[in-house]
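Engineer: What shape does this take:
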Amino acid sequence: MSAASNESASEATASPGPIIHPKRIRWGGIIFFKVEETVFEAPRYRFAKHSEVFETMFHLPAGSDGTAEGQDEEHPILLEGYKAVHFNSLLKVLYPTPEDFISGTLQLEKEEWIGVLNLSTRWSMKKIREHAISELSKASLNPMEKIVLGRDHKVAKWFREGLTELVSENPIRPLAELKAQLGAEMACSLLWIRDQTQTILEPGLTLTGLSLGMIGCYYCQAGMFQTGSNCVSCSRTIAVDDCSAICMFGGSCDMYIHAENPATGPATATVCINLQSLMCRGCSKCAFSLENRTCPSCSRAIGYRAFKLRLGKSVIKNSSASQKILEEFGEEIARYESWDE
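Structural biologist: Below is the predicted model:
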């Protein structure tokens with residue numbers, strides 16, 4: 001054998017090259033669905049992978065004529081009671097496009113994610129449901145949306161947050177809107193909770209421990225007093241941090257309780273007041289005038305109920321709204337929490 005032949009044999013032994021083994025990659029075949037008036041054609045494998053509902057459905061025996069539902073366009077699986085637009089949104093999540101992979105993001109609109117959440121909840125697609133909740137949590141959901149979506153799709157976090165935010169809104173939404181979106185029973189319950197966690201300062205009672213630095217604009221919530229001021233009645237100087245110079249005497253005071261929250265801090269109360277109800281402790285007369293008074297930050301004219309006070313835990317007398325919500329809706333919240341266990 002020549003040297004060249006020996007060299008070739010040696011190379012062949014050391015580097016045999018890739019060995020290709022025949023393999024069949026199973027995608028599970030194509031399945032046909034009909035939702036409303038639209039027929040959808042898609043690979044079946046991810047439906048079975050993410051949902052026991054479909055895994056069971058795909059193993060049902062064929063009919064008496066030997067035809068299995070979903071095997072062709074003439075015999076699709078009928079999904080009654082669902083929306084075609086929601087099903088199309090789910091397909092975008094189950095089978096993202098190459099562009100989605102390249103960009104690293106799956107761009108769906110808010111309503112599309114709601115459709116994905118709806119179907120993934122109804123068909124027990126846990127991972128897809130969790131992702132839809134995560135994406136929708138990044139959107140700006142108002143309190144009413146949190147309540148409705150939380151109740152419809154068993155999302156305890158949204159449901160509880162929406163209830164708490166709604167009873168703390170000022171001003172409260174019109175009764176007709178509450179009844180139309182939440183139903184008369186829930187609307188009445190929320191108005192009752194709001195009433196129980198709102199304090200009206202009765203005539204003859206005094207709220208003390210206030211300072212000018214605690215007063216903020218009703219509209220932009222910026223501080224109204226950056227420096228001290230003089231009483232309009234006796235000209236006494238009132239320092240911005242003096243908690244003994246002024247008090248609020250009777251009349252117009254609506255107090256809204258904010259429960260202790262890890263994100264926002266200790267429990268507080270927001271008190272909407274009339275500036276003219278603040279009394280000077282030196283002369284026991286009105287300390288301020290509304291004449292030509294505007295917010296130094298947003299320039300809004302100041303009128304009745306134009307200020308907010310953020311008061312500490314020591315002045316909070318009522319139980320928090322969160323506690324009342326748990327008393328009224330605790331069982332329902334617990335049921336929704338069980339969906340994410």
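
Engineer: how would you label the spatially closest residue to Phe40 that is not a sequence neighbour: helix, strand or coil?
Structural biologist: By the measure of Cβ to Cβ, 6 or more residues apart in numbering, the closest residue to Phe40 outside its immediate chain neighbours is Phe33, 4.7 Å from it. Where C-beta positions appear, they are placed from N, C-alpha and C, glycine not excepted. Of the three states, Phe33 takes strand under DSSP: H, G, I helix; E, B strand; the rest coil.

Engineer: Identify the residues contacting Phe33.
Structural biologist: Under the criterion of Cβ atoms under 8 Å, 6 or more residues apart in numbering, the neighbours of Phe33 are Val39, Phe40, Ala42, Gly70, Pro76, Ile77, Leu78, Leu79, Phe87.

Engineer: Show the contacting residues for the third one.
Structural biologist: The contact partners of Ala42, taken as Cβ under 8 Å, 6+ apart, are Ile30, Ile31, Phe33, Leu91, Leu94, Tyr95.

Engineer: In this structure, where's the longest helix?
Structural biologist: helix 321-337 (DSSP state H).

Engineer: That one - contacts with which helices or strands?
Structural biologist: Contact partners of helix 321-337 among helices and strands, from 3 or more Cβ pairs under 8 Å, 6 or more residues apart in numbering; DSSP states H and E: helix 143-152, helix 156-168, helix 184-196.

Engineer: Between helix 156-168 and that helix, find me the angle.
Structural biologist: Taking axes from the mean of the first three to the mean of the last three Cα atoms, to 10 degrees, one finds helix 321-337 and helix 156-168 inclined to each other by 150 degrees.

Engineer: Relative to Trp158, which of the contacts of Ala42 is nearest.
Structural biologist: Each of these was checked against Trp158 using Cβ to Cβ; the closest is Leu94, at 23.9 Å.

Engineer: Could you list the domains of the protein?
Structural biologist: Under the assignment automatic domain parsing, the domains of the chain span 30-136, 153-197+326-340, 199-318.

Engineer: Figure out which of the helices and strands packed on helix 321-337 is closest to Pro296.
Structural biologist: Pro296 lies closest to helix 156-168 among the helices and strands packed on helix 321-337, at 26.2 Å (Cβ to Cβ).

Engineer: Stretch 174-193: which residues count as buried?
Structural biologist: Taking 16 or more other Cβ atoms under 10 Å as the basis for neighbour counts, the residues of stretch 174-193 that come out buried are Leu178, Leu182, Met186, Ala187, Ser189, Leu190, Ile193.

Engineer: For the last one, which residues are in contact?
Structural biologist: Okay, so that is Ile193. With contacts defined as Cβ under 8 Å, 6+ apart, Ile193 is in contact with Leu163, Val167, Ala321, Lys324, Ile325, Glu328.

Engineer: repeat that for 7 Å
Structural biologist: Contacts were defined as Cβ atoms under 7 Å, 6 or more residues apart in numbering; by that measure Ile193 touches Val167, Ala321, Lys324, Ile325, Glu328.

Engineer: Same question for the third one.
Structural biologist: When the contact criterion is Cβ under 7 Å, 6+ apart, Met186 has no partners at all.

Engineer: Would you mind giving me the confidence score for it?
Structural biologist: The predicted local confidence for Met186 comes out at a pLDDT of 93.

Engineer: so how far is Phe225 from it?
Structural biologist: 40 Å (Cβ to Cβ, to the nearest Å).

Engineer: which phi and psi does Ala68 have?
Structural biologist: Taking degrees, to the nearest 10, you get phi -90, psi 130 for the backbone angles of Ala68.

Engineer: how close does it get to Phe32?
Structural biologist: Separation of Ala68 from Phe32 (Cβ to Cβ) stands at 11 Å.

Engineer: Show me which of those two is the more surrounded one.
Structural biologist: When Ala68 is set against Phe32 and neighbours are counted by other Cβ atoms under 10 Å, the residue ahead is Phe32, at 18 against 14.

Engineer: Skipping its backbone neighbours, what lies nearest that one in space?
Structural biologist: Counting by Cβ to Cβ, 6+ apart, Pro76 is the residue found nearest to Phe32 once chain neighbours are left out, at 4.0 Å.

Engineer: What is the neighbour count of the one you found?
Structural biologist: As a burial measure, Pro76 scores 19 neighbours (other Cβ under 10 Å).

Engineer: Tell me which residues touch it, please.
Structural biologist: Contacts here follow Cβ under 7 Å, 6+ apart; on that basis Pro76 touches Phe32, Phe33, Lys34, Val39, Gly70.

Engineer: What pLDDT does the model give the first one?
Structural biologist: Per-residue pLDDT puts Phe32 at 90.

Engineer: Over to Thr105?
Structural biologist: Here the pLDDT value assigned to Thr105 is 74.

Engineer: can you check Tyr95 too?
Structural biologist: Reading off the per-residue confidence, Tyr95 sits at a pLDDT of 88.

Engineer: before we move on, what about Arg160?
Structural biologist: What the model reports for Arg160 is a pLDDT of 91.
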